[in-house]
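1. The amino acid sequence is not available; the structure is as follows:
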């Protein structure tokens, strides 16, 4: 048990935030080597990791601490935004397809909610692109390590877009263009397989890009001043994020989705993760805004 | 997760670490061993370094030059003052508790 527990604990150390690992990782690893490790130790490491993500500690000179805090806020809000975008899209899609009893997609209150989510998502992405693209371009100039972290997910995203072309063209030619819904007979095996591959590739690319861009930001080591506007934008991004998640919750309640079914458990679990993402982002943004003025 | 024996807990990891460092600079493993001996509390790696990070952030402890894997920490003047304040409160609480227990035993 001890050897297995030690390996688990060593693996759990990798779940700490990068800034924490950079500062305390080697010491923690040495302590795990020295101690008698049990499953309780593993749990302790995992709980410590959760606390470090929720309430990171920054050490060093005041300017350095402010830089680290702003960088952590931008990274946290970026990862949260991606999680909310993907999680909420999947959740609402599953709830609408098929629509629950009493709800008619495209009409009434459902339409208002749908349009509000769409508006919030568009506003959010405009904000992300307006601030993120200049920051990303500046990051790419910071060296090959940053480029290795940022460029491959971008290339993969372009690949996903290219893969979508034959799928879309075939659908357009056979049922979308005719204005009807596809039946099983319309969909050839290659299209279905390629479609599944595309969804998997897009999900993997999204995860890769989410982590890769955050890594790139960390490696670029921008100054606190350079991160001031992105930090403000990150705080603003919490608003559309909160709107999207609030609507997700209202739809879950409105459709009577209960935890009695496996789908309900999955849906509420996703919703809980999204709520946590908003809370963590809001907390991180407030802390960055309240960082000591002397450090500025 | 600070693990102490008994159902009634008093152990704040930060306070235990400050108390341990009051004796002199120590690295992580030495702090865990010292706290276990003196307070009967086992600090796990997550709890220890979470508390150390917080203490360092507040300027209560500071790292000393040394091996990256076994870096020693020492108490700062600010940390010593914070420890002294906390111990004074705890001493007052302990004295009051002892006095009340003695009164209770005398009355029984």
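-> In hand now; what should we look at? Remember, it's a predicted structure, so these values are computed and weren't measured experimentally. Residues are numbered from 1 along each chain as shown, chains lettered A, B, ... in the order given.
2. residues touching residue 94, list them.
-> You didn't say which chain, so I picked chain A. For residue A:94, the contact set (Cβ atoms under 8 Å, 6 or more residues apart in numbering or on different chains) comprises A:263, A:267. C-betas here are computed from N, CA, C, even on glycine.
3. Wait, chain B was what I had in mind.
-> Applying Cβ under 8 Å, 6+ apart as the definition, residue B:94 turns out to have no contact partners.
4. Quick check: closest non-adjacent residue to the residue nearest to the spatial centre of chain B.
-> To find the centre residue of chain B, average its C-alpha atoms and take the closest one (Cα atoms, centre = their mean): that gives residue B:16, at 0.9 Å. Nearest non-adjacent residue to residue B:16, counting by Cβ to Cβ, 6 or more residues apart in numbering or on different chains: residue B:35, 4.7 Å away.
5. that's a strand at residue A:182, yeah?
-> No - applying DSSP: H, G, I helix; E, B strand; the rest coil, one finds residue A:182 to be coil, outside a strand.
6. So what does it look like in phi/psi?
-> Here the main-chain torsion angles of residue A:182 (degrees, to the nearest 10) amount to phi -70, psi 140.
7. How many neighbouring residues does it have?
-> Residue A:182 is flanked by 13 other residues according to other Cβ atoms under 10 Å in any protein chain shown.
8. wait, doesn't it sit right on residue A:172?
-> No - under the criterion of Cβ atoms under 8 Å, residue A:182 makes no contact with residue A:172, lying 11.4 Å away.
9. how far away is the residue of chain B found nearest chain A from residue A:77?
-> Here the residue of chain B nearest chain A is residue B:46; by Cβ to the nearest Cβ that distance is 2.2 Å. Applying Cβ to Cβ, to the nearest Å, the value for residue B:46 to residue A:77 is 25 Å.
10. now do residue A:238
-> 7 Å.
11. intersection of neighbour lists for those two?
-> Counting by Cβ under 8 Å, 6+ apart, the contacts common to residue A:238 and residue A:77 are A:281, A:285.
12. what's near enough to touch the residue nearest to residue A:136 when sequence neighbours are not counted?
-> With sequence-adjacent residues excluded and distances taken as Cβ to Cβ, 6+ apart, residue A:136 is closest to residue A:150, at 6.4 Å. Applying Cβ under 8 Å, 6+ apart, one finds that residue A:150 lies in contact with A:136, A:139, A:140, A:212, A:213, A:216.
13. Regarding residue A:75, what are the backbone dihedral angles?
-> Dihedral angles phi and psi of residue A:75 (degrees, to the nearest 10) take the values phi -60, psi -40.
14. lowest-pLDDT helix or strand in chain B?
-> For chain B, counting by mean pLDDT, DSSP states H and E, strand B:2-4 ranks last in confidence among helices and strands (a mean of 59).
15. hmm, who's touching whatever helix or strand comes next after it?
-> Going down the chain from strand B:2-4, the next helix or strand is helix B:13-21, by DSSP states H and E. The contact list for helix B:13-21 (Cβ under 8 Å, 6+ apart) reads B:2, B:26, B:30-31, B:34-35, B:38-39, B:41, B:43, B:47-48, B:50-52, B:54-55, B:60-61, B:73-75, B:79-80, B:82-83, B:86-87.
16. before we move on, back to that, let me know the average pLDDT across the helix or strand that contains the residue nearest to residue A:136.
-> Secondary structure here is read from DSSP H and E; on that basis residue A:150 sits in helix A:144-171. When pLDDT is averaged over helix A:144-171, the result is 91.
17. And the average pLDDT for the helix or strand following that helix is what?
-> Once helix A:144-171 ends, the next helix or strand along the chain (criterion: DSSP H and E) is helix A:189-220. Helix A:189-220 comes out with an average pLDDT of 90.
18. cool, stretch A:17-25 as well?
-> Stretch A:17-25 shows an average pLDDT of 89 in the prediction.
19. any residue of it up close to chain B?
-> Yes - using Cβ under 8 Å from any Cβ of the partner chain, stretch A:17-25 comes into contact with chain B via A:20, A:23, A:24.
20. Out of those residues, which is nearest to chain B?
-> With Cβ to the nearest Cβ as the yardstick, the closest approach to chain B among the residues of stretch A:17-25 next to chain B comes from residue A:24, at 4.7 Å.
21. you'd agree the closest one is up against residue B:53?
-> Yes - at 6.4 Å, residue A:24 counts as touching residue B:53 under the criterion of Cβ under 8 Å.
22. out of the two, which sits in the busier spot?
-> When neighbours are counted by other Cβ under 10 Å, residue A:24 and residue B:53 differ, and residue A:24 comes out ahead with 27 against 23.
23. Need the nearest residue in space to the one residue in chain A that gets nearest to chain B, chain neighbours excluded.
-> Among all residues of chain A, residue A:48 sits closest to chain B, at 2.2 Å; criterion: Cβ to the nearest Cβ. If you skip the residues right next to it in sequence, residue A:48 has residue B:46 as its closest partner in space, 2.2 Å away by Cβ to Cβ, 6+ apart.
24. That neighbour: how many residues sit nearby?
-> 28.
25. tell me which element it is part of?
-> Counting by DSSP H and E, residue B:46 is part of helix B:45-57.
26. if you average pLDDT over the very next helix or strand once past that helix, what comes out?
-> Read in the C-terminal direction, the helix or strand following helix B:45-57 is strand B:61-63, with elements assigned using DSSP H and E. Mean per-residue pLDDT for strand B:61-63: 95.
27. how much space is there between the closest residue to residue A:154 other than its chain neighbours and residue B:50?
-> Leaving aside its sequence neighbours, residue A:154 sits nearest to residue A:209 (Cβ to Cβ, 6+ apart; 7.4 Å). Applying Cβ to Cβ, the value for residue A:209 to residue B:50 is 30 Å.
28. quick one: which of those two has more around it?
-> Between residue A:209 and residue B:50, counted using other Cβ under 10 Å, residue B:50 has the larger neighbour count: 28 against 19.
29. How about the contacts made by that one?
-> Taking Cβ under 8 Å, 6+ apart as the contact definition, residue B:50 lies against A:48, A:51, A:52, A:57, B:13.
30. residues bridging contact with residue A:24 and residue B:53, i.e. touching both?
-> Contacts common to residue A:24 and residue B:53, judged by Cβ under 8 Å, 6+ apart, are absent.
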